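A.B. asks: Need the 3D shape of this:
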Amino acid sequence: MNRTNHPHNTEINVAGNLVGGKKIAVMAGPCSVESREQILSIAKDVKKSGATFLRGGAFKPRTSPYSFQGLKEEGLELLKLAKKETGLPLVTEITSMEYLDEYIENVDIIQVGARNMQNYELLKQLGKTRKPILLKRGFSSTIEELLMSAEYIMVEGNENIILCERGIRTFENFTRNTLDLSAIPAIKKLSHLPVVVDPSHGTGIWWMVEPMALAAVAAGADGLLIEVHNDPENALCDGIQSIKTDKFASLMQKLKLIVESLGREI
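C.D. replies: Numbering: from 1, shown residues only. Below is the predicted model:
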């Protein structure tokens, strides 16, 4: 993936949508799928506002074993229903090779979460597919470690990799993580792969999502991964960092101004 050997930016075609091209990819939806009504409502709202992908968790690895772990197979079925209803391609996290065939068949972008960035056996199996993989930076991982994890996928033959900056752990405890926006130009200097930013996990605070999303695009990000919920106060997972659907609509309008000034599209 070395920029020296591959000077041109990689563009990944996902169900007719380019990630890494001139257009900014916006992946929006709830942290976790909670019900049929919830995911369908949010999916329709984010599409109306201009999202190009629907994100949502069916299988949720959590720090505490007592926290909500997702609806699992039922959640995946509900995501498929939301895709059928809206036409939005799906982005969802894989946590086990047990469901790999199901993901290959039904998921448009397979997400590897921060906890699994160095799960090399999982990365190798994903490398044997040709599905687009969204690889999140680990909690305390360096940029070099992120790129080496991507290499585990690439050496198996799959070059459809999207890198994701989602914040790292530092001494600061005001925010959930420290969103490393400097990683965007750094990765782009070293690699030709597209880079998206997750300001929701990067800050952990809903009112910080908008300014960090705007800053990420200004810094050169190829896309955003944003948590959107219709009732964040009662969300089963990460409600504190989820923006409401009306805030997402407002954010999309502000993003257009920055994107257009950069000669890109949204």
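A.B. asks: hey, let's count contacts and neighbours off CA atoms from now on
C.D. replies: OK.
A.B. asks: Just the buried positions in whatever helix or strand residue 75 lives in, please.
C.D. replies: According to DSSP states H and E, residue 75 maps onto helix 73-86. Buried residues in helix 73-86, defined by neighbour count with 16 or more other Cα atoms under 10 Å: 74, 75, 76, 78, 79, 80, 82, 83, 86.
A.B. asks: do the same with stretch 18-31
C.D. replies: Quick answer for stretch 18-31 (16+ other Cα under 10 Å): 18-21, 23-31.
A.B. asks: before we move on, the earlier item: could you say what helices and strands the helix holding residue 75 packs with?
C.D. replies: Packing partners of helix 73-86 (3 or more Cα pairs under 8 Å, 6 or more residues apart in numbering; DSSP states H and E): helix 36-49, strand 90-93.
A.B. asks: would you turn these into CSV with distance to residue 265, mean neighbour count and mean pLDDT?
C.D. replies: As requested, the helices and strands packed on helix 73-86 are exported to CSV (distance: least, Cα to Cα, whole Å; neighbours: other Cα atoms under 10 Å; pLDDT from 0 to 100):
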stretch, distance to residue 265, mean neighbour count, mean pLDDT
helix 36-49, 14, 19, 97
strand 90-93, 21, 24, 97
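A.B. asks: With distance to residue 247 as added columns, please give the ones you listed in JSON lines.
C.D. replies: Shown next, in JSON lines, are those (distance: least, Cα to Cα, whole Å):
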{"stretch": "helix 36-49", "distance to residue 247": "10"}
{"stretch": "strand 90-93", "distance to residue 247": "21"}
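A.B. asks: looking at these, which is closest to residue 4?
C.D. replies: Taking Cα to Cα, strand 90-93 is the member of the helices and strands packed on helix 73-86 nearest to residue 4, at 30.1 Å.
A.B. asks: Can you give the strand pairings for the closest one, parallel or anti for each?
C.D. replies: Strand 90-93 sits in its sheet next to strand 53-55 (parallel), strand 109-112 (parallel), going by DSSP bridges.
A.B. asks: After the longest one, which helix or strand is next?
C.D. replies: I take that to be strand 109-112. Next along from strand 109-112, by DSSP H and E: helix 120-127.
A.B. asks: and that next one, how far out from the chain's middle?
C.D. replies: Distance, stretch centre to chain centre, for helix 120-127: 18 Å (Cα atoms, centre = their mean, to the nearest Å).
A.B. asks: Fine by me, thanks again.
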